Structure formats: structure tokens, C-alpha cells
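1. structural data only, the sequence is not supplied:
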């Protein structure tokens, strides 16, 4: 047998040994379903809307029960540089308990920390979507767009639900959503049903993917259709 033939046999043996080793590893089963980061601005300007978000957060879980469920990580920022990312939560009571323990404090936005945390988490286990509920942007837009583009490459779309009428913030938020492959939607704090529907739509997307969202959209109003039309642009 030639040296070349000996090398081929050796390579096959190495590959077979590697495959055998992989097959002998314990199998990992997960029941997490989709993973979604639910991020909120907890600065003073959003104090009135925080209670509303607490009341509506159960929609994230209710909308996805028939799709295999959802794991949610709560992110929020407030005060002087305070940013919190919770453990991954599997039911509405755990999420509500965490949210009820938060009070809003004055401070600047920390959106980049949300995006950086999403990058870190999705490199461990893919995060299917990021929801950010916010009313303003006080950070360099170029930095945020860089992070959003990185999330887009990892296929982790950002959905921003914008309260208020800050046109400069809107331009920044639309860029973030576009670069990440997500979608932007304004909402009025006086219309909680709109925010409820928006949260449900993203939860369905995170848990069941584009086809599940397409099916969900058929029974929804124009605000949901506008949201879904932006995906992947």
C-alpha cells in the first residue's frame, strides 16, 4: 500500500472516530421554544406607560402557547447607567413579578446596552426577536446602527415600538429596525389594544417564525400588516 493510500485510511479512521465520539455524547433536549428579549425604557418619562406594559406583558406568552411557548428575558435601563437583564423567564407570572419590582428613574437612554446584550445572548443561543419599547434616543445613532447591523447578520431582528412624536428618534429607530431586519411601529399610550396586538405579533414571530406570523396577520388590523411588511427589507 502506498503512502497516499495509508494517509487516506488514516483520515477515514480519524473521521470515523470523531463521528463515533459525537454520537456518544448525551443528547440535549430543550423545551424553551422561541427566545425573545423584552426591553423597556424605565427612565422617568415613561413612568405612566410602565404600568401599561406590565398589564400587557402576558400577551407575549398567551399568543404563543399553541406554537411551543416562549422564553423571555426582561431588559430595562434607568437612572445613572443602570442596565438590568433578567434570567430567561417561561411564564407570565415570573415576568410580571420582575416588572412590578421596577420603578422608573430619571436618566438617559441606554439602547446600545440592549443591543449589545442581544448580541451576547444570541451568540450563545439564538434570540429570535428583540422588542424595545421607548420614547426617545439620546445616543450616537452610528453606534446603534453598527450594533443593529451585527444583529441583522445574526438574524436577530429588532422591533421598536415608539411612544410619542420625537421625529429625530423615529429616524434613528427606523434605521435600527431596517439594519437588523426588524420593524418599527409608533403607538399611542392611550390605545393599549394597539400595543397588545404588536406584542402578540412579535411573540408569534419569535416562537413560530414568518409562517406563523403570516397566519396571525390575516386576522389582524392594518397596524399589524404595516409591521409585517417591513420584515427583512
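-> Great, that's in hand. Keep in mind that what you see is a predicted model, and the values were worked out from it rather than measured.

2. run the chain-centre distance for the longest helix anywhere in the chain.
-> Identified as the longest helix of the chain according to DSSP state H is helix 192-217. Per C-alpha atoms, centre = their mean, to the nearest Å, the displacement of helix 192-217 from the mean C-alpha position of its chain is 12 Å.

3. what is the rounded mean pLDDT of that helix?
-> Here helix 192-217 scores 88 as its mean pLDDT.

4. for that helix, which positions count as buried?
-> 194-208, 212-213, 216-217 (16 or more other C-beta atoms under 10 Å). For glycine as for every other residue, the C-beta is placed from the backbone atoms N, C-alpha and C.

5. and stretch 139-153, by the same measure?
-> Buried, per 16+ other C-beta under 10 Å, within stretch 139-153: 141, 144, 145, 147, 148, 149, 150, 151, 152.

6. list the contacts of the first one.
-> Shown in contact with residue 141 (C-beta atoms under 8 Å, 6 or more residues apart in numbering): 171, 172, 175.

7. what's opposite the spatially most central residue of the chain in the beta bridge?
-> Geometric centre of the chain, nearest residue: residue 130, 1.7 Å, by C-alpha atoms, centre = their mean. Residue 130 forms beta bridges with residue 37, residue 158, as assigned by DSSP bridges.

8. mind checking pLDDT for it?
-> Here, the pLDDT recorded for residue 130 equals 97.

9. surely it is in contact with residue 159?
-> Yes - under the criterion of C-beta atoms under 8 Å, residue 130 makes contact with residue 159 at 6.8 Å.

10. what pLDDT does residue 41 get?
-> Confidence score, pLDDT, at residue 41: 94.
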